[in-house]
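K.L.:
When you get a sec, could you give me coordinates for this:
(2 chains)
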There are 2 protein chains.
Amino acid sequence: MDIPALDPTLVARFKALVEPGRALDDPTAQAAYLAERRNLFHGHTPLVLRPGSVAEVAAIVRLAAETGTAIVPQSGNTGLVGGGVPDASGREILLSLDRLDRIRSVDPKDNTLVAEAGVILDKVHEAADAVGRIFPLTLAAQGSCRIGGNVSTNAGGTNVLAYGNTRQLVLGLEVVLATGEVWNGLRRLHKDNSGYDLKQLFIGGEGTLGIVTAAVLRLFPKPAAREVAFVAVESPAKALALFERLGEAGPLLTGFELMAGLALEFGLKHLAGARRPFAGAHPWYVLIEVSSPSTRIDARGLMEALLAEAIEAGIALDAALAESLAQQQAFWGLRHGMSEVQGHEGGSIKHDISVPIEAIPAFLAEAIPAVEALVPGCRPVPFGHMGDGNLHFNVSQPVGADKAAYLARWEEMNAVVHAIVQTYDGSIAAEHGVGRLKAHLLPGVKAPVELAMMRQVKAAFDPNGILNPGRILERR
Amino acid sequence: MDIPALDPTLVARFKALVEPGRALDDPTAQAAYLAERRNLFHGHTPLVLRPGSVAEVAAIVRLAAETGTAIVPQSGNTGLVGGGVPDASGREILLSLDRLDRIRSVDPKDNTLVAEAGVILDKVHEAADAVGRIFPLTLAAQGSCRIGGNVSTNAGGTNVLAYGNTRQLVLGLEVVLATGEVWNGLRRLHKDNSGYDLKQLFIGGEGTLGIVTAAVLRLFPKPAAREVAFVAVESPAKALALFERLGEAGPLLTGFELMAGLALEFGLKHLAGARRPFAGAHPWYVLIEVSSPSTRIDARGLMEALLAEAIEAGIALDAALAESLAQQQAFWGLRHGMSEVQGHEGGSIKHDISVPIEAIPAFLAEAIPAVEALVPGCRPVPFGHMGDGNLHFNVSQPVGADKAAYLARWEEMNAVVHAIVQTYDGSIAAEHGVGRLKAHLLPGVKAPVELAMMRQVKAAFDPNGILNPGRILERR
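P.N.:
The predicted model follows:
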């Protein structure tokens, strides 16, 4: 295919819209913006633009609209589905939001914070902490991912159980539309039924409907204490029973993470300083977190009682309640290291799926033998946010197998797993989004009527298809 | 204006789409469907259709699409903005969802319940209770409002503080689209980023984008205990300070309702059996509810400590902690009676507004004198969900004034109050929606770019304007 390069005059016009030095056309300077975390996509762009204001973003999009130029918005570039990197055509301009990095306001009385798209998630955590609040969104990439991407992918993470996805943490948005107009929807309201809730389209819209430039985020009171326990269970069914029993903690239950036994063994083997929470290896583990809002509430007593009862009832095999903050961090460290450790065990084929919570045991009972039948010797290491019905059903290659040959079966294994997900009315893109990685899969899992609605929305907001084209919805 | 009646042949075709006896053309039989709670709108319709299945709803909408006939969907007909009653033209067909009243499934392990649009909210409460769960949505009309309307208006109520609006309580929807196609989006997933979250448009869409026929609702563990207190405070600023202090209860704080002193006096005068919570009249009151998920958590002790500290710190003037379930109900009864009692005091001009929570004191400090200046002797009785920033800023007529003459100033007073709301970036339609009552106000409070987006959405989903036309967005 012979795609003509973008017209140099046009490139120069885009370049002139930002301050000198903020338009990168040198491959070395561009490299960090083009690298993609899983190394699945290798893109090119004539220009990385780093606007320093919303007005500059708007000017770039206006010119793009006028000239039909494709724009790929990028935030922290930590996405796992290739949504924020340009394609190989060299015709897509990359618009980085990394310089829109101001926290515009922090308001503890109102429990809100207004952050621009380029603010790194951890900076929001720090700003909230400084006024005695928390911003609950917690995920592995929080040291480098940025708010614009969190909003645009409706990021999930380990705190969804108690606080919801990013969608539930956003009260208002500022968005540059495909026309280059700016929509100021930076409301700080908990109730507003004055028309269609337009922000919902941009949350999780992956930059295909507009470019989020700022968000009003919800803050919450800081818990007075946290209790973290590591629990061994015989099976996912027992984990589900444990989850049901922990309903007694109500909204104080802030974490419920499932891990396959082998996943823990990987962690013990590869994570520096990792230690077994208790003696013996078990088939499955659950990490539980309970948070107490007040020192007047005895979360530890509650946790001890619930764990003791779970063991007595034959639901849990063993349990360790962290005795110190360091031990809590060590338990969470085992969980957070799960993605990383798979890298040490060769190729890993990944699935980011969700099913109704009660279907988790049945799903695993089907999916594990299915992938083992497909690739004998492969090693499933499912883990994830069981309390949200969301698992990272990742499968490591057989010991000693050829990595490239194994990874070549990515689509084939995806198809097997996704077919099972479908039977439970699940999602094949639970928290990481669709991007470029899964756009081609949507027609296989969504009804035509739903895809048609999605295309209608896209056509309404971006009729010329200049915003992140081909992401979520394939080009036609 | 001389509007031709709907063609009788066409009416007969619609009639034939439902079972005999389920198409009402007799005014007496229609009366209950045309009455509107505040008696602000008086509509006519050639036909009230009461389909008994989703297929019948779809057939009706298909015929409407084919013939360009306007359809007004109606659920429990308890709306406060005229969204569910036909206009005076006699050309709108009323589609009642009251016969789609099955609870399709209840799943306590999964904490979900699937209800059709015609299920009365209290029936959902009962079904949840029967399996040891709650469905948190709580509002005055719960004995007669229906789920379809709750979803379509994104209903709020008194439990939003802890559980969110209806939007946060819905996991999936089934919708009949403007083409007559059925979208089965009845997912039970807590995480699903596989494309645009289309259900968000129908939630709060007031039937203008599609007709909701069923919803997957979230259930929650039943609290083990509730504590309810009535607290007197000197001012809204003190109420705000109290709210901030109650942050210590974290997610256990399930209610924080503000009431003007005069509102309580109205209640004591007009509500059967109403008793003063403690001696003396005070300028403002707050009703507080704290819920404990477990008998192992001492919510009463927490509440006692927080109230004692609030009094000691000069935040609260007096406080009464309910000593029994009956007293809890009596406290809540005072709050829930607030709308009703105003009817006994003559005309009441109503405002359903929200502002950022911290702006409540400033808003009241401006709005109260403003309406008193407009109508000397008028009696503001603001009350509502202060924890959500949502107040029903209602204003009773001066004692002895002419009711009709007072109510004739509705729009004028609205304008004064809404202008103040605007200065705080608030909403003039916080929880009751827009409907027909406020459609003409939106151009005054929303930026053209936002109204244009709303029209784009409407055009994408209902290009021929057959679904609840003129609601939310005025006809052009």
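
K.L.:
Enumerate the positions of the helix-or-strand element of chain A with minimal mean pLDDT that are buried.
P.N.:
The helix or strand with the lowest mean pLDDT-type score in chain A, counting by mean pLDDT, DSSP states H and E, is helix A:338-342 (a mean of 90). Applying a neighbour-count criterion of 16 or more other Cβ atoms under 10 Å in any protein chain shown, one finds A:Met338, A:Val341, A:Gln342 buried in helix A:338-342. All C-beta spots, glycine's among them, are computed from the backbone N, C-alpha and C.

K.L.:
now it: how far from the chain's centre is it?
P.N.:
How far helix A:338-342 lies from its chain's middle: 16 Å, per Cα atoms, centre = their mean, to the nearest Å.

K.L.:
List the contacts of that helix.
P.N.:
Judged by Cβ atoms under 8 Å, 6 or more residues apart in numbering or on different chains, the contacts made with helix A:338-342 from elsewhere in the structure are A:140, A:259, A:263, A:266-267, A:269-271, A:348, A:381, A:383, A:392, A:394, A:396.

K.L.:
who does the helix or strand just after that helix touch, helix- and strand-wise?
P.N.:
The first helix or strand that comes after helix A:338-342 along the chain, using DSSP states H and E, is strand A:348-349. Based on contacts counted as 3 or more Cβ pairs under 8 Å, 6 or more residues apart in numbering or on different chains; DSSP states H and E, the elements that strand A:348-349 packs against are strand A:395-396, helix A:410-423.

K.L.:
out of the ones you listed, which comes closest to chain B?
P.N.:
The closest approach between chain B and any of the helices and strands packed on strand A:348-349, judged by Cβ to the nearest Cβ, belongs to helix A:410-423 at 10.3 Å.

K.L.:
Show the average pLDDT along that closest one.
P.N.:
When pLDDT is averaged along helix A:410-423, the result is 97.

K.L.:
ok, the contacts of helix A:338-342 vs A:Leu442, which is closest?
P.N.:
Nearest to A:Leu442 among those, counting by Cβ to Cβ, is A:His392 at 19.8 Å.

K.L.:
For the host helix or strand of A:Met259, name the packing helices and strands.
P.N.:
Element membership of A:Met259 [criterion: DSSP H and E] is strand A:253-260. Helices and strands touching strand A:253-260, by 3+ Cβ pairs under 8 Å, 6+ apart, are helix A:160-163, helix A:236-245, strand A:284-292, helix A:325-336, strand A:383-385.

K.L.:
Alpha carbons only: can I get it in CSV?
P.N.:
In CSV, the C-alpha atoms belonging to strand A:253-260 read as follows (Å, rounded to 0.1, in the frame of the first residue of the first chain):
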residue,chain,number,x,y,z
LEU,A,253,-15.1,-3.7,51.9
THR,A,254,-12.7,-1.9,49.6
GLY,A,255,-10.8,-4.7,48.0
PHE,A,256,-11.5,-8.3,46.9
GLU,A,257,-8.9,-9.6,44.5
LEU,A,258,-8.6,-13.2,43.3
MET,A,259,-5.3,-14.8,42.4
ALA,A,260,-4.5,-18.3,41.0
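
K.L.:
residues in contact with stretch A:255-262?
P.N.:
Counting by Cβ under 8 Å, 6+ apart, the neighbours of stretch A:255-262 from elsewhere in the structure are A:158-159, A:161-162, A:228, A:236, A:239, A:243, A:246, A:281-289, A:334-335, A:338, A:360, A:379-387, A:391.

K.L.:
do stretch A:295-309 as well
P.N.:
Among residues not part of stretch A:295-309, those counted as contacts by Cβ under 8 Å, 6+ apart are A:224-227, A:229, A:231, A:245-246, A:248-249, A:252, A:288, A:290-292, A:316, A:319, A:321, B:248, B:252, B:294, B:296-298, B:301-302, B:305.

K.L.:
before we move on, what about stretch A:463-471?
P.N.:
By Cβ under 8 Å, 6+ apart, stretch A:463-471 touches A:61, A:64-65, A:68-73, A:82-83, A:87, A:92, A:178, A:206-211, A:434-436, A:439, A:458, A:461, A:475.

K.L.:
just stretch A:268-279 next, same as before
P.N.:
Residues from elsewhere that reach stretch A:268-279 (Cβ under 8 Å, 6+ apart): A:230, A:232, A:267, A:285, A:318-320, A:330-331, A:333-334, A:337, A:340-341, A:344-345.
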